[in-house]
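J.: my questions concern the predicted model and sequence given below.
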Amino acid sequence: MAKNSEIIDEFVVTINDNNSVSVSRIYKSTMAALKEIAEANGIEVQKTWTTQHLGRLLLSQFCNGEKEGTIGEYTIEREDNNRINVIRTYSNTKEGLMEAAKVANYTEDPKENGWNTQNFGRRLVNYVQTHKD
């Protein structure tokens, strides 16, 4: 269960009930996410490949052809209409928070302030919530 969360462009920062923090990224460009996965796994992406083709290829190669699977930090889903969805859940939460902070123009440096991931996540979520238009 989430105690608090905030969407920051493509990022979802969640403060959980136990105060742990998680960061996920829902890509606006599914192809960009699929290319990240492919390149990280030594697959050269052809310019002619579509999102559906690359999604099916990755699911076939790494997830036994299932309609949904996880490759590292990425979860790929192929819907019944063949639409491909990708969500990345950061195993290095601080890395995800840094990327989300950059998007939110949040400039406080967690290293300078001696913050742990919980402090950083809570402060970033609070910052975004207080600076909404």
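T.: Yep, it's here.

J.: for Ser22, give its distance to Ile76.
T.: Plainly put, Ser22 is 19 Å away from Ile76 if you go by Cβ to Cβ, to the nearest Å. The C-beta positions use only the backbone N, C-alpha and C, and glycine is treated the same way.

J.: in CSV, list the C-alpha atoms belonging to stretch 33-42.
T.: The C-alpha trace of stretch 33-42 is given here as CSV (Å, rounded to 0.1, in the frame of the first residue of the first chain):
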residue,chain,number,x,y,z
ALA,A,33,12.5,1.5,-23.6
LEU,A,34,12.6,-1.6,-25.8
LYS,A,35,15.8,-0.4,-27.4
GLU,A,36,17.3,0.1,-23.9
ILE,A,37,16.5,-3.5,-23.0
ALA,A,38,17.7,-4.9,-26.3
GLU,A,39,21.0,-3.0,-26.3
ALA,A,40,21.6,-4.0,-22.6
ASN,A,41,21.3,-7.6,-23.7
GLY,A,42,23.5,-7.4,-26.8
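
J.: next, the buried residues of that stretch.
T.: The neighbour-count check on stretch 33-42 (16 or more other Cβ atoms under 10 Å) flags Ala33, Leu34, Lys35, Glu36, Ile37, Ala38 as buried.

J.: quick one: which of Ser22 and Ile76 has more around it?
T.: Comparing Ser22 with Ile76 by other Cβ atoms under 10 Å, the one with more neighbours is Ile76, at 25 against 18.

J.: list phi and psi for Asp47.
T.: Actually, residue 47 is Lys rather than Asp. Note on Lys47: backbone dihedrals following degrees, to the nearest 10 are phi -60, psi -30.
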